[in-house]
Every structure is written in structure tokens, then in C-alpha cells.
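*Asks:* My questions concern the predicted model and sequence given below.
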Amino acid sequence: MEPAGPLTVRRHNRGLVLAAVASAPASRAAVAASTGLTRGTVSSLVDDLLADGMLVELDAPRGGRGRPANPLQLNPSGPCGVGVEIGVDDIAACVADLTGTVRVVRRVQSRHRHRAPEDGLHRAAALVRELVAETGLTVAGARVALPGVVTPDGVLQRAPNLPHWQDVAVAAPLGDALGHSVTAANEADLAALAELWTGQGLRDMLFVSGGVGVGAGIVLDGRLFRGANGRAGELGHVVVDPAGRACTCGGTGCLETVAGTAALLRAAGVPDVDALVRDPGPALDVAGAALGTALAGAVNLLDVPAVVLGGVYGRLGDDLRTRVRDALRSRVVTLPPVRVLRAAVTRDAALHGAALGVVRDLVGA
């Protein structure tokens, strides 16, 4: 491995400065003390970051002794991160500023099951341009949440509920359309990261995202576990009923056929998710037991202390949570009992994770 060159060291040190002021305003002297950098180095880096619009220098507080220092903080009007989600039946986008505040979020209907991928990508790019224009911020980059297996270079390799989206390059063409750097990841993984960064202080968990499909994000020691080929967390295709319904993946009796949105709506006899949340009826009995069965195997294998229910599952509240918890207690061998929690963000978690991931990369968090 070659030693780091001057540019690499400077980029690293810029990240240290940004991270030092990310949680609270701090003076140049305080940044130097917390990072171990010299005051001269900090001053030079801060000048660059102010010129780049990454930081702003606030007025010095009054009333103290001596010459007061001007605190620095991340610039809420500086470069922003964009989160995009391409679902089975919709697209969504949000814009987060450097402080992590989501400025605007929008979701629109856009059915992709029987349409060419180019149509969905075109609609996603148009929505992003609309939201960015609304905020007036400069885009630093974007991340796309996708409902399937995503390669490191942004190719949607397989999405059982999107038959035309097989081995489709998503990040590159969307980046070309937007004129910005774009990366892509699985939606459940990004939702799990949103929970890690903004949730309940969990560093080890199995995050379950309920929707048209059922995905899981695995977080171990504060890091996302993707598996050797990025396929970890395909919980929706764990078989819970070998004699059950045919699944879009080609199998039979997968968890998705019992606990996915379509199955829940069918069991509750309601037309949409909002109606399901108001009156789930008997739908939660079978779904809760099936979720518990699938999750028990994962929990026994991974030894995680908590399961977090997100997406539609988070919105279904304590009724589903109790059923899953009871099913797990009868099947999990670990002690103490696994905690079953509702997600801190039950709507648009993957979007938040996507946009916040871009911002965190910018500030070196």
C-alpha cells in the first residue's frame, strides 16, 4: 500500500474538521483541540470550507471574558444530499441539507411492474429536479433505494416484484440524467441505516421493512452487514409455508406471500395500507406468526438483541409487534429475550437513509 499523498491527507483532515462541528458549533481553537490538528492547519482548512459553502462562521457570543471566538457550524444552505426511492408502485425523493435536516420529501404513484426501467428512471430524475429547484440548494450527490439485490456499482441485479428490472444499471444513467454522482443500495439496508443513525441507539439489530416485498437490514456492531455479494437480508423469500401460494421469486410459500402488503390487504379485506392501519382485522394473526417463524431462524443464527419493525409493519403498531414478540419467544434460544421494537421512522425510512448517507459521506461522519 502506498503512503497517503498530500491531497489524501488534506481530504482526511477536512473530514475531521467537518465531523468536529457536526454535532454542535465549535470555534477554531476547539476544533484544533478535539482533532489534534494544529491551529494553523485548522485555520487553513476552515477557510477552504467556508469558501466551499460547507461551513458558516457565526457571530461571537457576548458577555464573556477576553476576546470571544466565532463558532463554526455546518452550513444549512450548503451542498445537499438527495435520497431517491424507486418502488414497485411509486417513486419518491427527498433533499437533506448538511445538518441532516430533510427539507422536502415527496412520493408519487408510478407503477413499474410492467414498464421498461427507462420510464421509471426518467420519472425519478424529473422528481429530483423538481425538489432540488424547490429548495434552491446545490446537490452534492444522490443515493437510490431499490427493492432488490444491488451490486456495488449500482446495478439492480434482481427484483422479484419488478420482472423487467433484471441486471439494470440504475446509478449510472440516473447520474447522467441529473449531472451528479449517484450511488444505489437496497431499500431495507438504507432504512436500517436510517434507524441506526436517527433511531433508538441500537448498534446490533435486524431491521425488517414491510411493504410489497419483505426485506431486512442487518446491523452488527454499528455496521451494515451486506453479505459477500450484497444479498444478505432477503427475508421475504424465507419459506414459511411449503404448501402455500406461489411467490414472484418462483418459489412457494415465501414469507412475502403471507406477510407482504398484498397478503395483508387480502386478509383484512381492505383496499389500501391506510385502511389496513385503521382496521387490520384478522390479517395480523397469520402475518405475525409467519414473521416470528422467519425471524426466529435469523435471530438464532445472528444472535442480535433486537428486531425493529419498519415500513408498513411499523405503522401497524403494537398489535403486530406483540404477535411477533410472542412468536419469537417460543422459538428463539437466546437469553435475555429479544426486544421487538417499532422503527423510529416508519415512513420514508429508506429515503432518509439514502439522503443522510450522502450527507454523512460529505461531513465524514
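*Replies:* Cool, the structure landed.
*Asks:* rest of the way, CA atoms for contacts and neighbours
*Replies:* OK.
*Asks:* and S181, what is it in contact with?
*Replies:* S181 sits next to A140, G141, A142, G175 when contact means Cα atoms under 8 Å, 6 or more residues apart in numbering.
*Asks:* tell me, how many neighbours does the second one end up with?
*Replies:* Counted with other Cα atoms under 10 Å, residues neighbouring G141 total 23.
*Asks:* Which residue, other than its chain neighbours, is closest to it?
*Replies:* S181 (4.9 Å; Cα to Cα, 6 or more residues apart in numbering).
*Asks:* which of the contacts of S181 has the most neighbours?
*Replies:* The most crowded member of those, judged by other Cα under 10 Å, is A142 (29 neighbours).
*Asks:* now the helix or strand hosting that one: how far from the chain's centre is it?
*Replies:* Using DSSP states H and E, the element containing A142 is strand 139-146. Put simply, strand 139-146 sits 11 Å off its chain's centre (Cα atoms, centre = their mean, to the nearest Å).
*Asks:* Next: stretch 23-34.
*Replies:* So, by Cα atoms, centre = their mean, the centroid of stretch 23-34 is 29 Å from its chain's centroid.
*Asks:* quick one: terminal-to-terminal distance for that stretch?
*Replies:* Across stretch 23-34, the terminal residues are separated by 13 Å (Cα to Cα, to the nearest Å).
*Asks:* can you check stretch 70-83 too?
*Replies:* Stretch 70-83 has its terminal residues 33 Å apart, counting by Cα to Cα.
*Asks:* pLDDT of it, averaged?
*Replies:* Average pLDDT, stretch 70-83: 94.
*Asks:* just stretch 169-180 next, same as before
*Replies:* For stretch 169-180, mean pLDDT rounds to 94.
*Asks:* Run through who's touching that stretch.
*Replies:* 121-122, 125, 129, 139-142, 144, 153-156, 181-184.
*Asks:* got the buried residues for it?
*Replies:* By 16 or more other Cα atoms under 10 Å, the buried positions in stretch 169-180 come out as A169, V170, A171, A172, P173, L174, G175, L178.
*Asks:* that older thread, is it possible to get a markdown table of the contacts of S181 that adds distance to A354?
*Replies:* Converted to a markdown table, those look like this (distance: Cα to Cα, whole Å):
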| residue | distance to A354 |
| --- | --- |
| A140 | 13 |
| G141 | 10 |
| A142 | 8 |
| G175 | 15 |
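*Asks:* out of these, who's nearest R226?
*Replies:* Nearest to R226 out of these is A142 (Cα to Cα; 20.1 Å).
*Asks:* Could you tell me how many residues sit around the closest residue to L72 other than its chain neighbours?
*Replies:* Excluding its sequence neighbours, the residue lying closest to L72 (Cα to Cα, 6+ apart) is E57, at 4.6 Å. Using other Cα under 10 Å, E57 has 18 other residues around it.
*Asks:* before we move on, back to that, filter the contacts of stretch 169-180 down to the buried ones.
*Replies:* Those of the contacts of stretch 169-180 that meet the buried threshold are 121, 125, 139-142, 144, 154-156, 181-184, by 16+ other Cα under 10 Å.
*Asks:* Check which helices and strands the next helix or strand after the strand holding A142 sits against.
*Replies:* As assigned by DSSP H and E, the chain's next helix or strand after strand 139-146 is strand 149-150. Packed against strand 149-150 by the contact rule (3 or more Cα pairs under 8 Å, 6 or more residues apart in numbering; DSSP states H and E) you find strand 155-158, strand 182-186.
*Asks:* worst average pLDDT in the ones you listed?
*Replies:* Mean pLDDT values for the helices and strands packed on strand 149-150 show the minimum at strand 155-158, a mean of 93.
*Asks:* Could you list the domains of this protein?
*Replies:* Taking automatic domain parsing as the reference, the chain has its domains at 6-74, 80-190+349-363, 200-342.
*Asks:* Now the terminal residues of the second one, how far apart.
*Replies:* End-to-end distance of domain 80-190+349-363: 11 Å, with Cα to Cα as the criterion.
*Asks:* after the strand or helix carrying V324, next one along is what?
*Replies:* If you go by DSSP H and E, V324 is part of helix 317-329. The C-terminal neighbour of helix 317-329 among helices and strands, as given by DSSP H and E, is strand 339-342.
*Asks:* What average pLDDT does whatever helix or strand comes next after that next one get?
*Replies:* Tracing the chain C-terminally past strand 339-342 and defining elements by DSSP H and E, one meets helix 349-363 next. In this model, helix 349-363 has an average pLDDT of 94.
*Asks:* so how far is helix 349-363 off the chain centroid?
*Replies:* 7 Å.
*Asks:* Next: stretch 194-208.
*Replies:* Centre to centre, stretch against its chain (Cα atoms, centre = their mean), the figure for stretch 194-208 is 10 Å.
*Asks:* Next, the buried residues of it.
*Replies:* Result for stretch 194-208 [16+ other Cα under 10 Å]: buried residues A194, E195, L196, W197, L202, R203, D204, M205, L206, F207, V208.
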